[in-house]
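**Student:** Based on what follows, work out the 3D shape:
(3 chains)
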Amino acid sequence: MSSSMQFYISNLLVYLGVDVMACLGLNLQFGVAGLINLAFIVFQAAGAYTAAVLTLGPSTARGGFQSYILGAHLQFPLPWLAAAVVGGALSFVVGLIVLRRLRTDYQAMVMLVISLIATTVVTNATGLFNGSNGLALIPQPLESVLKLSPVGYQWFYVGLTFACTILVWVIVRRITGSPLGRTLRAVRDNDVAAASLGKNVTQLRLIAFVAGGAIAGLSGAILAQFISAWSPGSWLFPESFVYFSAVIVGGAGNNMGAVVGAALVPVAFLEATRYIPQFGYPGLVDALQWVVVGLLTLGVMWFRPRGVFPERTRRFARPPGSEPTHE
Amino acid sequence: MNLYVLSFGFGLITASILAIASVGFTLQFGVTNILNLAYGDVMTGCAFIAYLVTRAGGSLAEALLAGAASGALASYGLNRFVYTPFVRRGTRMFGMIIVTISVSLVLQNGLQGIFKATFFSLALPRPSSYTFAGMIFTSQQFVIIALAVVAMLFVHALLSWTKLGRAMRATAADPELARSCGIATDRVIDVAWLLSGALCGTAGVALALNVTSFTSTAGGQFLIPIIAAAVLGGVGHPYGAMVGAVVIGLSAELSAAVIPPSYKEVVAFLILIVVLLIRPQGIFAEVATQKEVVA
Amino acid sequence: MSGEPLLSVRGLAKSFGGVEAVRDVSFDVAAGSITGLIGPNGAGKSSVLAIVSGFLAPTSGSVHFGGELVSGHSAYRLARLGLVRTFQLSSEFERLSVIENLLVAAPNQRGDRLRDVLAGRWRWRAEEDEAVARARELLARFEIPEKEDDLAGDLSGGQKRLLELARALMTEPKLLLLDEPMAGVNPALIRRIEAHLMALRDEGLTMLMVEHELGVVERLCDPVVVMAQGQVLSSGTMAELRANEEVLDAYLAG
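**Tutor:** Down below sits the predicted model:
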C-alpha cells in the first residue's frame, strides 16, 4: 500500500475512533438519560485544550507567539487523563447548575447558550487559548520516545485510539447493561415516576452527564494531539449537532447504534462529500453539506425515528421448564 | 457626544427590532409550546426577500409588506408541513427541539447556498440623519421605532378587544380547557403562527434596514436575544416580551460602552441563563411547569 | 397492631398565589388499614396527596411517618423510607419492558451504584436474579405474566394500572398512596383490583386511597376522610358518613 494511501486510511481510522467515542458519550447523555446536551462539543473542546496546554510547555517558549493559560510538558498518558478529568469536572459544574428542575426545552436552551458563550469567550479572550487562531504545534504523545517513521507513527496512533475506543466501549456497555442504565432510561421516560420509586433523579442525571463529559474530553485530547492543532473554528455549535444527528441516525439509546451513527454521519457522509468536485462557488459544497445533514436528520426522525439499531429491552433467562402460558 | 447617551439611542433601535421579533416569538411559543429555533432564520429569509424587492425597485413600504407576508407564509407553512406532522406522530419535546434545529440548519445554509456568504444591503436611498437629545438617528431608524410602536399597539388591540385575541389567550393558558369551551384551537394555532410569522418577517426587514449589511447568519444571531426577551417577560406574555426587549436591547448596547464590544451578545446570553436558572417563569408569568407540545 | 398511626398529618396548609388549596388538614392513617380520602373536585385532595408524598412543599403543617417527622422530605427520600405513591394518569416507563419497569423499582440494588457497575457484572448479578424472580411472582399474582417482555407503552389501560400497582409493590412499601386507582378502569377490572388490594391489606400493607368511585370506597376503605374546600369535614365509616348532614350537603349524592 502506498504511503499516502496509508496516511489517508490511518487518518480516517483515528477520526472514526474519536467520533465513535464522542457518540458513545453523547448517547449515554442523550439516548439513555434523555439530556439534550447541545453544548456537547464544548466538553470535547475542553479536553482538547487541556491536552494542548499540558503538552505545549510554557507559553513564553518559542518566542511566545501563542498565548494561553497554564503550560506544561506532561508525559503521555497524563494529558489524556487530565482531559477526561477536566471534561468530567466541567460537566459536573454545569450539570449541577442546569440539571435541576428545569423543563426539557429550557434545559436545551441553556445548553445552547452555554455553547455560544463558550465560543465567544474563548475566541475573544486571546490570553486563554490564543483566541480565534487557536493552538498549533501541539506535540504528539511519545513521538520523541518512539522514533517511528511518519507512517509508522500514524499506525501507532491508530492503535492508541483503538485502545481508548475499546476502553470507552467497555465502560459505556457496563453502565447501559446494568440496573443503573435501566434506571437512567426510566428517569428519561418519566422522571416523576422514578422519583416516586425512590430514585434520586438529579444525582442520576449528573452521573450520566459527567461520564459523557469525561468521554467527550478524552476524545478531544486524542483528536487535538493527532492534528497537532485546535481552534474555535473546530468546535462551533453545529459540530454538536453533527453528533446528535449521528446518534439519532444510528439509533438513540443503543450503543451499537452510536458506533454505526458515528461511522455513517461524521465519517462516511462528510468524507464522501470531500470527493465531490467543488462546483458552484467556493463554500457552496460546505453549505449544502449542512443542508443535507439537516434534511437527513429530519428524514430519519420521520421515517425511522428509532434509527438503524433501535434501543433494545433486556430479556431475562428463564429456569428450564417455567415458561408462562401464552395467550 | 456622551457615549452612554449614544449607546442608549442604539439600544432603543435594538429594543424596537427585538420587541417586534420577541412578541411574535412569545405568541407562538405561548400557544403551541414548540421552541421554534428556526425563528431567526425565517427572519433572515424575509430580509432577503425584502432585499430582492428593493433590488427590483420596490419602496421600503413594499419591502416591509413583502417581508411580513413571506414571514407569515413561511411560518404557517413550517408549522403545517413540518412541525404539526411530527407532533401528531407523537414526537415529544426533545424530539421537536432536534426537528427545529434541523430546520434552522437547512434554512440558514440553504440561504447561504443561494445567496453565498457575501453581505447584502437593502437597495434604498440613503437616509438622512438627525440628532436628538445626544442620540443620532436616521430616518429609517425612526421608521423602525414607529413600526415597533404600531406593532405593539396592534397586538394589544388584537388580544384585548377581539374574540380571536381572547381565544388565543385561552388556548395559551390551557388548550384542553379552551377546546372544551368550544374554542377552535386548530384555527387559533394557525393564526398564532401567521401572526408570529408576520412579526418575524417585519423584524427581519427592520434588522436589514438597521445594519449596513447583513448575511445569511444575521437572523440566527438574533435568536438568543429574542428568546431572552421572551423568557424574561414570561413566555406567552406579549407585554412581558415588550418589556424584556427593552431591557435586553438597552443593556446590550449600554454594556458595549463599558466592556469590549465583541462581548455585547454575551450580555443577552447571560441574562437568559440567569433568568432560566433563577426565575424561569420570567417577570410576569406564574409557574413554568412542563407542558407538552400542541399542534 | 400498635396504637401509633403509621401516617400522621397535622395542620397541613397550602396556598398557591392567594388561593388556599388546603387549610388546616389533620388526619391519621392507622397501620394495616385502607384509609379513604374523598371529596368533591377542588377539595384539595390531590394537593394533600402531593404534599404527603413529597412532591409539593406545604405552606405549614407537619407530616409524621412511622413516628418520624418527614415534612419537607423530597419524594425520593420518602419512597426510600417506604412511602410510595401511584399516579392517576398512567406513568409507566413506556420504552422499557414490563419486567424492566418492575426491576427499576427494586430497592437497594448494588447494580444501581456506579462503582459496582464499573467493577463488573459479577458484583450485582445475584441481586438482579433475585429481583427478577420477585418481579415474575408479582406479574403472576396480577395475572399478566405473559406481558413480561412487552413494551410498557404498548399495554392496554387496564394492564397499565396493574403494572403501576405491581411496580409500587416491588419497592416493598410500608405505606402505599393510591391516587384514584380506579379512574377510567372498566367495572370487571375494578373488582379484580379491589380483590388484590384487599389481599394486600390482609398481608399487612397500609394504604391511603384517594378515590371518586364511592362504591369502591365503601367496599375497601375504613375509615374514610372527607374533605371539602381545603378542609377535613369529617371521618368515619361510609355508613357513618352517609348519615352525616354536613357531608351529604357537601358531597354525597346518596
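
**Student:** ok, which stretches of the stretch 101-250 of chain B are helices?
**Tutor:** In the stretch 101-250 of chain B, the helices defined using DSSP state H, counting those that start in this stretch lie at B:139-161, B:163-173, B:175-180, B:185-210, B:218-233, B:238-255.

**Student:** wait, does the third one contact chain C?
**Tutor:** Right, the one you point to is helix B:175-180. No - interface with chain C: helix B:175-180 contributes nothing (Cβ under 8 Å from any Cβ of the partner chain), its closest point being 12.8 Å away. Every C-beta, even on glycine, is put in place using the N, C-alpha and C of the backbone.

**Student:** who does that helix touch, helix- and strand-wise?
**Tutor:** If you count contacts as 3 or more Cβ pairs under 8 Å, 6 or more residues apart in numbering or on different chains; DSSP states H and E, helix B:175-180 packs onto helix B:163-173, helix B:185-210.

**Student:** and if we set it to 6 Å?
**Tutor:** With contacts taken as 3 or more Cβ pairs under 6 Å, 6 or more residues apart in numbering or on different chains; DSSP states H and E, helix B:175-180 sits against helix B:185-210.

**Student:** on that earlier part again, turn the helices of the stretch 101-250 of chain B into a markdown table, including mean pLDDT and mean neighbour count.
**Tutor:** Listed next are those as a markdown table, based on pLDDT from 0 to 100; neighbours: other Cβ atoms under 10 Å in any protein chain shown:
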| stretch | mean pLDDT | mean neighbour count |
| --- | --- | --- |
| helix B:139-161 | 89 | 17 |
| helix B:163-173 | 86 | 19 |
| helix B:175-180 | 84 | 14 |
| helix B:185-210 | 92 | 25 |
| helix B:218-233 | 92 | 27 |
| helix B:238-255 | 90 | 24 |
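
**Student:** Format the ones you listed as CSV; extra columns: distance to residue C:7.
**Tutor:** Listed next are these as CSV, based on distance: least, Cβ to Cβ, whole Å:
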stretch, distance to residue C:7
helix B:139-161, 47
helix B:163-173, 35
helix B:175-180, 33
helix B:185-210, 42
helix B:218-233, 40
helix B:238-255, 42
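
**Student:** Which one, of those helices, ends up nearest to residue A:21?
**Tutor:** Set against residue A:21 and scored by Cβ to Cβ, the helices of the stretch 101-250 of chain B come closest in helix B:218-233, at 29.5 Å.

**Student:** now the angle between helix B:238-255 and that closest one, please.
**Tutor:** On the basis of axes from the mean of the first three to the mean of the last three Cα atoms, to 10 degrees, helix B:218-233 is oriented at 120 degrees to helix B:238-255.

**Student:** Any idea how far helix B:218-233 is from the middle of the chain?
**Tutor:** 7 Å (Cα atoms, centre = their mean, to the nearest Å).

**Student:** who in chain C is up against chain A?
**Tutor:** Chain C has residues C:75-76, C:79-80, C:85, C:91, C:93-97, C:100, C:104-105, C:109, C:111-112, C:114, C:117-118, C:132, C:145-146, C:149, C:171 near chain A, with proximity defined as Cβ under 6 Å from any Cβ of the partner chain.

**Student:** follow-up on the earlier one: residue A:292 is nearest to which of the helices of the stretch 101-250 of chain B?
**Tutor:** Proximity to residue A:292, assessed across these by Cβ to Cβ, is greatest for helix B:218-233 (18.5 Å).

**Student:** orientation of that closest one relative to helix B:185-210 in degrees?
**Tutor:** Going by the same axes, to 10 degrees, helix B:218-233 makes 120 degrees with helix B:185-210.

**Student:** Indicate the residue of the stretch 1-150 of chain B located nearest to chain C.
**Tutor:** residue B:90 (10.0 Å; Cβ to the nearest Cβ).

**Student:** confidence score at residue 56?
**Tutor:** Picked chain A for this. Note for residue A:56: predicted pLDDT of 83.

**Student:** try chain B instead
**Tutor:** So residue B:56 comes in at 88 (pLDDT).

**Student:** in the stretch 1-150 of chain A, which ranges drop under the pLDDT threshold?
**Tutor:** For the stretch 1-150 of chain A, the stretches flagged by pLDDT under 70 are A:61-63, A:101.

**Student:** Also the stretch 1-150 of chain C?
**Tutor:** Counting by pLDDT under 70, the ranges of the stretch 1-150 of chain C that qualify are C:1-3.

**Student:** now the helices: where do they sit in it?
**Tutor:** For the stretch 1-150 of chain C, the helices defined by DSSP H, counting those that start in this stretch occupy C:45-52, C:75-81, C:98-105, C:114-119, C:125-141.

**Student:** Please apply the same query to chain A.
**Tutor:** A:3-26, A:40-55, A:78-98, A:104-124, A:126-129, A:143-146, A:150-176, A:179-189, A:191-196, A:201-227, A:237-250, A:255-262, A:270-272, A:284-303 (DSSP state H).

**Student:** I'd like to know which of the ones you listed is closest to residue C:45.
**Tutor:** Among the helices of chain A, the nearest to residue C:45 by Cβ to Cβ is helix A:191-196 (17.2 Å).

**Student:** For residue B:225, see how far away residue B:251 is.
**Tutor:** Between residue B:251 and residue B:225 the computed distance is 10 Å (Cβ to Cβ, to the nearest Å).

**Student:** burial count for residue B:258?
**Tutor:** Close neighbours of residue B:258, defined as other Cβ atoms under 10 Å in any protein chain shown, add up to 10.

**Student:** ok and the residue in chain A nearest chain C?
**Tutor:** Chain A approaches chain C most closely through residue A:179 (3.3 Å), counting by Cβ to the nearest Cβ.

**Student:** contacting residues around that residue?
**Tutor:** The neighbours of residue A:179, taking Cβ atoms under 6 Å, 6 or more residues apart in numbering or on different chains as the test, are C:109, C:111-112.

**Student:** Out of those, give me the one that has the most neighbours.
**Tutor:** Neighbour max across the contacts of residue A:179 (other Cβ under 10 Å) = residue C:112, 24 neighbours.

**Student:** residue contacts, that residue?
**Tutor:** Neighbouring residues of residue C:112 by Cβ under 6 Å, 6+ apart: A:179-180, A:183.

**Student:** gap between it and residue A:204?
**Tutor:** Distance, residue C:112 to residue A:204, using Cβ to Cβ: 9 Å.

**Student:** Ramachandran angles for the closest residue to chain B within chain C?
**Tutor:** Nearest to chain B, among the residues of chain C, is residue C:17, at 6.6 Å (Cβ to the nearest Cβ). According to degrees, to the nearest 10, the main-chain angles of residue C:17 amount to phi 50, psi 50.
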